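Participant: Fold the following.
(one chain, ligands or ions: 1)
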Amino acid sequence: MLFDTHAHLNVKQFAEDEFEVIKRANDQGVSKIAVVGFDHETIDKALALSETYPGIYPIIGWHPTEAGSYSDQVEEKLIQLIQTKNVVAMGEMGLDYHWMEDPKEIQIDAFRRQIRVAKQLDIPIVIHNRDSTEDVYQVLKEEHVEDIGGIMHSFNLTPEWQERFLDLGMHISYSGVVTFKNAHDVKESAKVVPLDKLLIETDSPYLAPQPNRGKRNEPAYVRFVAMEIARLKGIELDEVAQITSENANQLFKL
Ligand SMILES: [Zn+2]
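Facilitator: The predicted structure is shown next:
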């Protein structure tokens, strides 16, 4: 079996055919999918999907591009849902200095507050990092993320950075980016990532792997991510499938 640890089946791109998309994933052996909500609408939809389909697990949090609207009210909603629903992780949270929708200080504040909530609720976190690696690292370190653990989602950095995040106790999740021809750093990182910290994801509908690059991505394609990692590491696809599923089950306490 395969476990897609990060998909957005809760966005409008899947509104017409979510059933077929989930069916195709299941037919390809992708029997578990974590659906990530990042604002009010997508959080509600992630929870609804998990109540409708077997094998769908919600992850909820407040995206860094939404940091300006993080509030006591949002925080209370997140706490209440995590305590009462089968939420497996908190996120995605982090920093995004590419879009820079809000100033760094605002983003860092929403990030720190969510980490503190996750620690209070003892739930792992899912990290979004775009052009903000140094600050993400500092915040995770200062907030002692090792107490709860978490996932560097769609990892796209060098082996040196990977080592630093591993030292903080983080898991490393690879997306379709690892299949891209020019993604040299990512391929080098995947070669050396320890198997017990490895996860795979699609980030659907974004980042479709080769040979589907540029199309709408969907969880069935997580197989291509697993195939490329198997090739890079010189191991069997089955082994990648098994170990990444076990890692996800363990981290998400399933
Ligand atoms: Zn995402």
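
Participant: Residue 183 contacts residue 155, doesn't it?
Facilitator: No: the pair residue 183 / residue 155 is not scored as a contact, 10.7 Å apart, by Cβ atoms under 8 Å. C-betas here are computed from N, CA, C, even on glycine.

Participant: Between the two, which has more neighbouring residues?
Facilitator: Using other Cβ atoms under 10 Å, the more surrounded residue of residue 183 and residue 155 is residue 155, with 27 against 16.

Participant: Excluding chain neighbours, what is closest to that one?
Facilitator: Of all residues not flanking residue 155 in the chain, residue 172 sits nearest, at 4.9 Å (Cβ to Cβ, 6 or more residues apart in numbering).

Participant: Enumerate the positions of stretch 216-235 that are buried.
Facilitator: Residues 217-233 are the ones in stretch 216-235 that count as buried (16 or more other Cβ atoms under 10 Å).

Participant: Endpoints of it, how far apart?
Facilitator: Stretch 216-235 has an end-to-end distance of 28 Å (criterion: Cα to Cα, to the nearest Å).

Participant: now do stretch 139-148
Facilitator: 14 Å.

Participant: List the buried residues in it.
Facilitator: Buried residues in stretch 139-148, defined by neighbour count with 16+ other Cβ under 10 Å: 139, 140, 143, 145, 148.

Participant: Does the first one belong to a helix, a strand or coil?
Facilitator: Reducing the assignment to helix, strand or coil with DSSP: H, G, I helix; E, B strand; the rest coil, the entry for residue 139 is helix.

Participant: Strands of this structure, start to end?
Facilitator: 2-7, 30-37, 56-60, 89-96, 125-130, 150-152, 170-174, 198-200 (DSSP state E).

Participant: Same list, the ones you listed, but as a markdown table with distance to residue 211 please.
Facilitator: Formatted as a markdown table, those follow (distance: least, Cβ to Cβ, whole Å):
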| stretch | distance to residue 211 |
| --- | --- |
| strand 2-7 | 17 |
| strand 30-37 | 17 |
| strand 56-60 | 26 |
| strand 89-96 | 27 |
| strand 125-130 | 25 |
| strand 150-152 | 26 |
| strand 170-174 | 17 |
| strand 198-200 | 17 |
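
Participant: before we move on, back to that, which single one of the buried residues of stretch 139-148 is nearest to residue 165?
Facilitator: Nearest to residue 165 among the buried residues of stretch 139-148 is residue 140, at 7.6 Å by Cβ to Cβ.

Participant: What is the neighbour count of the residue nearest to that closest one when sequence neighbours are not counted?
Facilitator: Of all residues not flanking residue 140 in the chain, residue 168 sits nearest, at 5.4 Å (Cβ to Cβ, 6+ apart). By other Cβ under 10 Å, the residues close to residue 168 number 16.
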